[in-house]
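# what's the 3D shape of this:
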Amino acid sequence: MADFFPADRPQNANLHEFSVSELAGSIKRTIESNFERVRVRGELGRVTIAKSGHMYADLKDDKAVINTIMWKGSVSQLPFRPEEGLEVVAEGKLSTYPGRSNYQLIADTMNPAGAGALMALLEERKKKLAAEGLFDSARKRALPTFPAVIGVVTSPTGAVIRDILHRIADRFPVHVLLWPALVQGERAAAQITAGIEGFNALPEGGSIPRPDVLIVARGGGSIEDLWPFNEEKVVRAAAASDIPLISAVGHETDTTLIDYASDRRAPTPTGAAEIAVPVRSELLQDTDSLGQRLMRALTQHTKRSGRDLQAIAARLPRPQALLEARQQRYDFAESRLTSGLQSAIMKKRGAFDQIGPRLRPQALRTSMGHLQAALDRSGKGLSTGLSRAAQKNQDQLSLLEKRLSSRGDVLLKSVRSTDDMDRLAERLSKAFARSMTVRTDRLNAASGLLEALSYQATLKRGYVVVRDAEGGVVRTREMAASQAALSLQFSDGELGVTPDIGTKPPPQSPPQPSPKSNAQPQPPKPKSRGEQGSLF
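Residues are numbered from 1 along each chain as shown. Predicted coordinates:
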């Protein structure tokens with residue numbers, strides 16, 4: 001350090017004259033150039049974080065105090081919450097503040113110092129992450145039984161990767177991908193996080209195979225050495241991994257926060273390899289044993305099924321015995337069919353022989369002559385009958401004429417001509433036909449009404465008639481309760497029953513009568529004045 005006031009300087013020598021600012025600036029440059037980067041260990045005191053985000057604190061021990069400043073960007077990167085009384089190790093550069101003539105430490109990194117401080121910080125961080133649910137057992141996934149590719153995040157030069165590769169090769173050789181990363185120091189946490197996230201970012205079916213399981217491993221060390229695996233970003237990356245993750249950090253007694261967030265914790269890196277893959281020789285032995293057991297079971301089942309089949313076959317009748325009776329019935333039916341066919345042919349032939357002579361031309365002509373004679377006789381009889389009927393009708397018309405003579409000259413004149421007689425006869429015929437049609441319709445309607453109103457038709461629809469011992473109809477429940485015996489008449493017969501008076505049944509709506517039973521006979525429509533009615 002420069003000596004501004006040398007002892008051997010002559011008293012009368014001219015001294016350089018500084019202004020206050022010049023002297024303060026010179027001191028500032030001297031300190032900053034000689035203490036460009038320092039690491040200071042001490043206890044935090046009077047910690048203040050301003051609204052701007054900058055932190056102002058005292059770093060002290062039992063003999064001295066150094067003002068410490070940490071700017072907002074560095075404060076946001078702190079892995080812990082600075083508190084008064086916490087022992088820390090701060091790194092930065094020394095500077096001065098000319099306005100107050102004091103020096104200060106501009107710190108850019110700060111970490112807890114000592115195992116006690118780190119354990120307190122670890123416990124605080126563990127509670128915080130656990131409250132977020134990152135350590136819940138429900139988040140943990142099962143590891144694949146036979147992984148094809150295993151991704152390992154660790155140092156490429158340490159003994160850890162060699163132990164993992166050797167153990168996997170001995171147990172079950174698979175493809176192993178290594179993501180090289182520092183496992184100790186300030187940059188370790190960022191590289192470990194990048195390895196976990198990088199493996200998860202690999203696409204399925206890409207040029208680089210996506211691992212089926214991840215191993216994050218490191219050898220043993222102090223709590224300071226293992227601290228990167230307690231960093232919050234490493235723990236969050238492990239919890240967010242879509243690939244099942246095995247943590248193997250330190251020895252069995254070492255526990256880091258990544259162990260709580262991983263899907264499975266291994267005591268050592270070698271143990272992680274044993275968890276990741278099974279033993280191939282044991283699998284082959286188990287497969288061979290299961291195959292032998294399967295063959296023995298199959299052989300026993302085949303033998304047992306054969307014995308059961310033989311027992312069932314022994315209880316079955318002989319196939320020949322089943323066919324003999326059917327063969328006899330077939331032979332009998334065949335003989336009957338043959339004889340019956342021959343008999344039918346003979347009967348048809350005899351009938352043909354009887355009919356054949358009558359089918360000769362001479363016989364046909366004789367038959368036609370007889371039919372013609374009968375037709376002539378019928379024609380003559382019909383002509384005679386028609387003449388008689390005409391004469392009878394003429395007599396009736398004459399009688400009608402006499403009876404109608406008193407009805408007026410107009411009607412008598414209208415029926416004297418031949419044309420009027422013909423028209424009157426036609427009108428009489430039509431009136432008679434209409435009268436017969438009307439009477440037939442009335443008769444059919446009356447028959448349908450009688451059928452609809454008949455209790456026999458009601459019985460056919462599912463109803464019954466209840467009668468007492470004297471044959472009287474029982475219409476109410478009270479009447480039925482007073483009888484010793486009843487008779488139920490159905491549509492197809494009667495049935496005797498004894499009344500059983502229990503609890504009163506709920507009222508039921510009466511059955512709806514069928515449309516047919518509601519049909520009322522329609523009275524015949526009166527004839528219009530224009531229709532011709534009967535003269536009688």
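# and the top helix by length along the chain, how far out from the chain's middle?
Using DSSP state H to define each element, the chain has its longest helix at helix 361-404. Computed by Cα atoms, centre = their mean, to the nearest Å, the chain-centroid distance of helix 361-404 equals 90 Å.
# for that helix, packing partners?
helix 409-414 (3 or more Cβ pairs under 8 Å, 6 or more residues apart in numbering; DSSP states H and E). All C-beta atoms are positioned from the backbone trio N, CA, C, and that covers glycine.
# For the helix it packs on, give the mean pLDDT please.
Mean per-residue pLDDT for helix 409-414: 54.
# How many residues are close by residue 345?
By other Cβ atoms under 10 Å, 10 other residues sit near residue 345.
# Tell me the secondary structure at it.
Following DSSP: H, G, I helix; E, B strand; the rest coil, we place residue 345 in the helix state.
# Let me see the contact set for it.
Contact analysis of residue 345 by Cβ atoms under 8 Å, 6 or more residues apart in numbering lists nothing.
# Return the residues in contact with the nearest residue to residue 70 once chain neighbours are set aside.
Of all residues not flanking residue 70 in the chain, residue 55 sits nearest, at 4.4 Å (Cβ to Cβ, 6 or more residues apart in numbering). Taking Cβ under 8 Å, 6+ apart, we find residue 55 in contact with 47-49, 69-70, 75, 82.
# if you set the cut-off to 6 Å instead, what comes out?
Residue 55 makes contact with 49, 70, 75 under the criterion Cβ atoms under 6 Å, 6 or more residues apart in numbering.
# May I see the ChimeraX selection of the buried members of those residues?
Buried residues among these (16 or more other Cβ atoms under 10 Å), as a ChimeraX selection:
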select :70,75
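# Using a markdown table, please lay out the contacts of residue 55 together with pLDDT and distance to residue 17.
Below are the contacts of residue 55 laid out as a markdown table (pLDDT from 0 to 100; distance: Cβ to Cβ, whole Å):
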| residue | pLDDT | distance to residue 17 |
| --- | --- | --- |
| 49 | 89 | 42 |
| 70 | 91 | 38 |
| 75 | 88 | 42 |
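# Secondary structure and distance to residue 403 added to the contacts of residue 55, as JSON lines?
Below are these laid out as JSON lines (DSSP: H, G, I helix; E, B strand; the rest coil; distance: Cβ to Cβ, whole Å):
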{"residue": "49", "secondary structure": "strand", "distance to residue 403": "143"}
{"residue": "70", "secondary structure": "strand", "distance to residue 403": "148"}
{"residue": "75", "secondary structure": "helix", "distance to residue 403": "143"}
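# Do you know the pLDDT at residue 295?
pLDDT at residue 295 comes out at 91.
# What's the local residue count around it?
Neighbours of residue 295 (other Cβ under 10 Å): 10.
# Specify the residue ranges that define each domain of the chain.
Per automatic domain parsing, the domain ranges recorded for the chain read 27-113, 148-277.
# Of those domains, flag the one that's most buried.
For those, average neighbour numbers computed from mean count of other Cβ atoms under 10 Å are highest in domain 148-277, which has a mean of 19.
# And it, end to end?
9 Å (Cα to Cα, to the nearest Å).
# Kindly report the same for stretch 40-60.
10 Å.
# Please apply the same query to stretch 141-149.
17 Å.
# now it, how far from the chain's geometric center?
For stretch 141-149 - counting by Cα atoms, centre = their mean - the centre lies 29 Å from the chain centre.
# State the mean pLDDT of it.
pLDDT averaged over stretch 141-149 gives 93.
# what residues does that stretch touch?
By Cβ under 6 Å, 6+ apart, stretch 141-149 touches 175, 209, 211-213, 244, 263.
# same thing with stretch 308-326?
Outside stretch 308-326, not a single residue reaches it (Cβ under 6 Å, 6+ apart).
# follow-up on the earlier one: is it possible to get a markdown table of the contacts of residue 55 that adds distance to residue 230?
Formatted as a markdown table, the contacts of residue 55 follow (distance: Cβ to Cβ, whole Å):
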| residue | distance to residue 230 |
| --- | --- |
| 49 | 23 |
| 70 | 21 |
| 75 | 20 |
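# What's the separation between the residue nearest to residue 70 and residue 328?
Noted for residue 55: a distance of 116 Å to residue 328, by Cβ to Cβ, to the nearest Å.
# One more: residue 346?
27 Å.
# next one: residue 349
32 Å.
# One more: residue 294?
52 Å.
# before we move on, the earlier item: of the domains of the chain, give the one that comes closest to residue 335.
For residue 335, the closest of the domains of the chain is domain 148-277, at 79.6 Å, according to Cβ to Cβ.
# Lowest mean pLDDT among the helices and strands, pick that one out for this structure.
Lowest on mean pLDDT, DSSP states H and E among the helices and strands of the chain sits helix 515-518, with a mean of 44.
# Is it correct that residue 462 falls within a helix?
No: under the criterion used here (three-state DSSP), residue 462 is coil, not part of a helix.
# Return the distance of it relative to residue 490.
As judged by Cβ to Cβ, residue 462 and residue 490 stand 9 Å apart.
# what do you get for residue 431?
Separation of residue 431 from residue 490 (Cβ to Cβ) stands at 49 Å.
# quick one, which of those two is more surrounded?
Set residue 431 next to residue 490 and count neighbours by other Cβ under 10 Å: residue 431 wins out with 16 against 13.
# Torsion angles phi and psi at the residue nearest to residue 70?
phi -110, psi 130 (degrees, to the nearest 10).
# per-residue confidence at residue 224?
80.
# try residue 155
Note for residue 155: predicted pLDDT of 93.
# what's the closest non-adjacent residue to it?
Nearest non-adjacent residue to residue 155 (Cβ to Cβ, 6+ apart): residue 183, at 5.1 Å.
# and the one you found, that one's in a helix?
No: using three-state DSSP, the secondary structure at residue 183 is coil, not a helix.
# Show me the shaky parts of the stretch 1-150 of the chain.
1-14, 32, 99, 101, 114-117 (pLDDT under 70).
# That'll do, ta.
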